[in-house]
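K.L.:
sequence and predicted model, in that order:
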Amino acid sequence: MINWSKPQEGDYIPYQINYISLVPDGDLIEIMRSQIDATAAYLAELSEAQIEYRYAPGKWTIKEVLQHMIDCERIMCYRALRIARKDTTPLPGFEENDYVTNANIDERDFIDMVREFIAVRAGTIYMFRSFNNSIVLNRGTANNNTMNVNAFAYVIAGHELHHMKIIKERYITEK
């Protein structure tokens, strides 16, 4: 069993502290697992009007936010896996807006996207559970910054918390 601990400065890209700081203390795998249930249940109850709402011009819809969450989790897992396996190749960044623009979102069923989030997160959990205390300390380069595998796990959990907080505060004022 991994002794998860919040990443230290230098283990992650500086802006990612915004995500890491949202993750409560406790069993990180259990936190990630509970996010599946809470996030899926919350999103599945939203109406078509709610998932297509933009709280300001140029902002994403909830449907687009969910796709962004799915894409980012996949990318973070890919990076974590490469670094876990001691691949020293520097990993590039990505342009999140291009991913959303090119994701075919208008043709997607939202509940199917919620199911995809569940499946991606389940895979994330299995991957991180397969690591040990030594592996999570492996370091590599992602987006021109040094990160360790442990930090990726916290970023993934915190990224979901960040976006769900925004959805609840800026998109859904009453449910």
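P.N.:
That came through fine. Note that the structure is a prediction, hence the values are computed from the model and not measured.

K.L.:
which parts of this protein are strands?
P.N.:
Per DSSP state E, the chain carries strands over the ranges 139-142, 145-148.

K.L.:
which stretches of this protein have low pLDDT?
P.N.:
Applying pLDDT under 70 to the chain flags the ranges 174-175.

K.L.:
the helices in it, which residues?
P.N.:
Under the criterion DSSP state H, helices of the chain are mapped to 17-20, 28-44, 48-51, 62-84, 96-101, 110-129, 149-166.

K.L.:
out of those, nearest to L137?
P.N.:
L137 lies closest, by Cβ to Cβ, to one member of these: helix 149-166, at 6.6 Å. Every residue, glycine included, has its C-beta placed from N, CA and C.

K.L.:
quick one: residues in contact with the closest one.
P.N.:
Helix 149-166 is contacted by residues 4-7, 11-12, 16, 18-23, 28, 31-32, 35, 38-39, 42, 65, 68-69, 72-73, 76-77, 79-80, 83-84, 124, 128, 131, 135-138 when judged by Cβ atoms under 8 Å, 6 or more residues apart in numbering.
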